[in-house]
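>>> no sequence for this one, just the structure:
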C-alpha cells in the first residue's frame, strides 16, 4: 500500500476528495524530478509494458498490482493519479470472450503497411462497425478519384474498449512523456466516466488519414484540422445511421474553438455507441453535432460531402 493510500484509509477526515491538492501533489512530484530521470524511467517502463501487451486495454487490478510491485517508480506515480481520481474503485473488467478482437494489417495513405496492436470491440458493436466500414468503402469505390495515389485505408479503428486500469497507465505515461498540464487537458482521469471503459455504450476512435489520431498533415507537411478530412466528414454525416454519435462536438457559436460545449477537446474521430436511451444521443444533439462540425470544416478547410 502506498503512503497516500494508507493515509486515506487510516484517516477518515482525509477521505474527502480535494482535487486541487491532488494536482498540487502531482505537480510537486514532477517539480522534484529536476533532472527528469524519474519521468524518463516511468515512460520507458510503461512503453515497454505496453509494447509487450503486459499493460493492455483489458488490464485489471491484478495487472496493476503486479506492475506496482515490480516497478516502484511507476507505483509512486500511479498512487498520485489514483488520488486524483479520488481512489475510486475501477470495477470489474469484462472477460475477453465478450469482445471481438481486430488487428488486421492495412495499407496507410502513404502506401506503407501498418501492423496495429489488437483492438477490443464489444461484441454488440461489431456488426454496426462492420456495416459502417463497408458503406464507407462503397463510397470510395463509387468515387475512385477520392482514393489518392496509394488508396485510402478506410475506417480503421484506432481504439475501442479500454479499462480504467489501462487508462491509469495511459495517463501516467502521458504525464511522464508530455508533462502534467498536457495530460490533465487531454487525457481522461481513470475512474471518471469514460466512454471507452463503458462496455455497453462503448466509444471507438476512428483513425484519421494521417495515421495519428488528432493530428493530420497535408501533402506539404502542414498540419490540418481532422474535421476537414474525408474520413471524419463521412463519420460526422453518417455515424448516427449506425447507432453512434459524437459526444465532443464543437460549439455552434464557436465552431473553430479547441473545446466544445462540455469544455472537452473537440474530437471528430471519437464516436460513442448509443446502446440504451441516453439524452446525448437524441436527434437534436445529433443535428447539433453535424451542424457544428460542418461549420468548423467550412471555416478551416472545405466541407466535401454536400
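That came through fine. No experiment lies behind these values; they were computed from the predicted model shown.
>>> So in this protein, where's the weakest helix or strand by average pLDDT?
When the helices and strands of the chain are scored by mean pLDDT, DSSP states H and E, helix 3-10 comes last with a mean of 36.
>>> I'd like the next helix or strand past that one.
helix 19-32 (DSSP states H and E).
>>> for that following helix, packing partners?
Helices and strands in packing contact with helix 19-32 are listed as helix 72-84, helix 180-186; criterion 3 or more Cβ pairs under 8 Å, 6 or more residues apart in numbering; DSSP states H and E. C-betas here are computed from N, CA, C, even on glycine.
>>> can you redo the ones you listed as CSV with mean neighbour count?
Formatted as CSV, the helices and strands packed on helix 19-32 follow (neighbours: other Cβ atoms under 10 Å):
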stretch, mean neighbour count
helix 72-84, 19
helix 180-186, 15
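>>> between those helices, which gets the lowest average pLDDT?
Ranked by mean pLDDT, the helices and strands packed on helix 19-32 end with helix 180-186 at the bottom, a mean of 89.
>>> Mind giving me the packing neighbours of it?
Helix 180-186 packs on helix 19-32, helix 164-178, going by 3+ Cβ pairs under 8 Å, 6+ apart.
>>> rewinding a little: mind putting the helices and strands packed on helix 19-32 in JSON lines, distance to residue 56 included?
JSON lines is the format used below for the helices and strands packed on helix 19-32 (distance: least, Cβ to Cβ, whole Å):
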{"stretch": "helix 72-84", "distance to residue 56": "16"}
{"stretch": "helix 180-186", "distance to residue 56": "20"}
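>>> mind checking which of those is nearest residue 100?
Nearest to residue 100 among these is helix 180-186 (28.2 Å), distances taken as Cβ to Cβ.
>>> Which among the helices and strands packed on helix 19-32 is found nearest to residue 174?
Residue 174 lies closest, by Cβ to Cβ, to one member of these: helix 180-186, at 4.2 Å.
>>> Let me see the confidence value for residue 290.
Looking at residue 290, the pLDDT reads 89.
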